[in-house]
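Undergrad: From the sequence below, what's the structure:
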Amino acid sequence: MRPKHLFRIAAVLLVSTAWLWGPLLWIALQPAWEVSARNTPDGVAIEFYVEGAVAPAYSALLEGSTIPRDITRLTREEIPAEVATVAFYDDTLKPGLLRLDLAGREVTVMERCLSIDGEEVATQAD
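TA: As a prediction, the model looks like this:
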């Protein structure tokens with residue numbers, strides 16, 4: 001086989017690989033949700049961050065609730081079971097959707113809104 005043909009084959013393989021794996025790699029490297037929760041005199045203050053962001057995307061207060069210990073900026077895999085359990089998550093397109101059972105409440109965060117017990121409490125600012 002001539003070098004010219006080998007170069008064309010290599011170029012086609014490289015472009016095909018980049019075309020197929022590029023979007024998948026891009027999706028996999030997007031940031032996930034991080035959660036902070038702390039006890040306050042009024043209840044549990046929760047904050048959700050997009051991984052790596054300085055300011056929280058959402059924050060809310062679970063009035064009259066308490067948790068065994070405070071947590072700071074943990075991903076879903078790192079959340080201690082005594083604080084919260086992950087009821088559902090979908091990170092197909094990150095940051096995705098994360099549903100937690102936290103202090104006896106169902107807390108759902110997604111890019112467009114934060115809801116507590118099925119009721120929207122905050123929406124993302126444009």
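Undergrad: What helices and strands are in contact with the helix-or-strand element of the chain with minimal mean pLDDT?
TA: Least confident element among the helices and strands of the chain, by mean pLDDT, DSSP states H and E: helix 3-28 (a mean of 78). Where contact means 3 or more C-beta pairs under 8 Å, 6 or more residues apart in numbering; DSSP states H and E, helix 3-28 is not packed against any helix or strand. Placement of C-beta: from N, CA and C, glycine included.
Undergrad: chain center to it, what's the gap?
TA: The chain centroid and the centroid of helix 3-28 are separated by 30 Å under C-alpha atoms, centre = their mean, to the nearest Å.
Undergrad: How about residue 94: what's its closest non-neighbour residue?
TA: residue 30 (3.7 Å; C-beta to C-beta, 6 or more residues apart in numbering).
Undergrad: Report the separation between that neighbour and residue 50.
TA: Taking C-beta to C-beta, to the nearest Å as the measure, residue 30 falls 9 Å from residue 50.
Undergrad: what do you get for residue 15?
TA: From residue 15 to residue 50 the distance is 32 Å (C-beta to C-beta).
Undergrad: what do you get for residue 123?
TA: Residue 123 is 15 Å from residue 50, by C-beta to C-beta.
Undergrad: And the two? Which one has more around it.
TA: residue 50 (17 against 11; other C-beta atoms under 10 Å).
Undergrad: phi, psi of that one?
TA: Backbone dihedrals for residue 50, given as degrees, to the nearest 10, come out at phi -80, psi 130.
Undergrad: what are the phi and psi angles of the residue nearest in space to the middle of the chain?
TA: Centroid-nearest residue in the chain: residue 33, 2.5 Å away (criterion: C-alpha atoms, centre = their mean). With angles defined as degrees, to the nearest 10, residue 33 sits at phi -80, psi 150.
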